[in-house]
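**Student:** Prediction below, plus the sequence it came from.
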Amino acid sequence: MEIIELLNYILYIVLTMILPVVATYVVNLIKAKINESNIIADATQNENTAKMIEHALSDVMDAVLYINQIYVDALKSSGKFDKDAQKNAFNRAYTEALNMISEESQKVIEQLYGSFDKWLKSKIETSVNLAKRQK
């Protein structure tokens with residue numbers, strides 16, 4: 001019985017010393033693999049991109065609502081909102097949104113959608129239609 005107890009004691013001591021070293025190695029290996037795979041960087045980049053686009057969309061809606069409030073409503077109430085006034089309102093909303101959207105967001109949208117100009121024009125049209133429905 002003494003030999004078995006001695007072997008168990010030696011095994012216990014060896015495992016107690018080796019297990020933390022092996023665990024530390026495994027944890028460091030996992031951390032290194034995560035850093036190499038850019039999982040965290042990609043997730044952060046996607047989150048930042050989504051936030052930039054969300055802010056840009058909010059800026060477009062704000063521009064449309066602003067132009068609607070200060071320009072379109074006044075012309076509609078006086079009966080002067082014709083095709084030329086619609087084009088003018090669109091151009092004003094475009095300029096207003098363009099001034100509000102950051103250059104960084106414009107570059108991201110350009111990379112994702114191919115053309116910032118087309119993206120902005122389509123989002124203004126969508127925002128105008130949403131604003132019409134809300135009235």
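**Tutor:** Sure thing, it's come through. Numbers count the residues shown, from 1 in each chain.
**Student:** which secondary structure element contains the residue most central in space within the chain?
**Tutor:** Closest to where the C-alpha atoms of the chain average out (Cα atoms, centre = their mean) is Ala50, at 1.3 Å. Ala50 belongs to helix 39-67 when elements are defined using DSSP states H and E.
**Student:** Show the subsequent helix or strand relative to that helix.
**Tutor:** Per DSSP H and E, the first helix or strand lying C-terminal to helix 39-67 is helix 73-77.
**Student:** any residues touching that next one, and which ones?
**Tutor:** Residues outside helix 73-77 that contact it (Cβ atoms under 8 Å, 6 or more residues apart in numbering): 81, 85, 89. Glycine gets a C-beta too; all of them are placed from N, C-alpha and C.
**Student:** distance between the next helix or strand after it and the chain's centre?
**Tutor:** Following helix 73-77 in sequence order, the next helix or strand is helix 83-100 (DSSP H and E). Distance of helix 83-100 from the chain centroid (Cα atoms, centre = their mean, to the nearest Å) equals 26 Å.
**Student:** Thanks a lot, catch you later.
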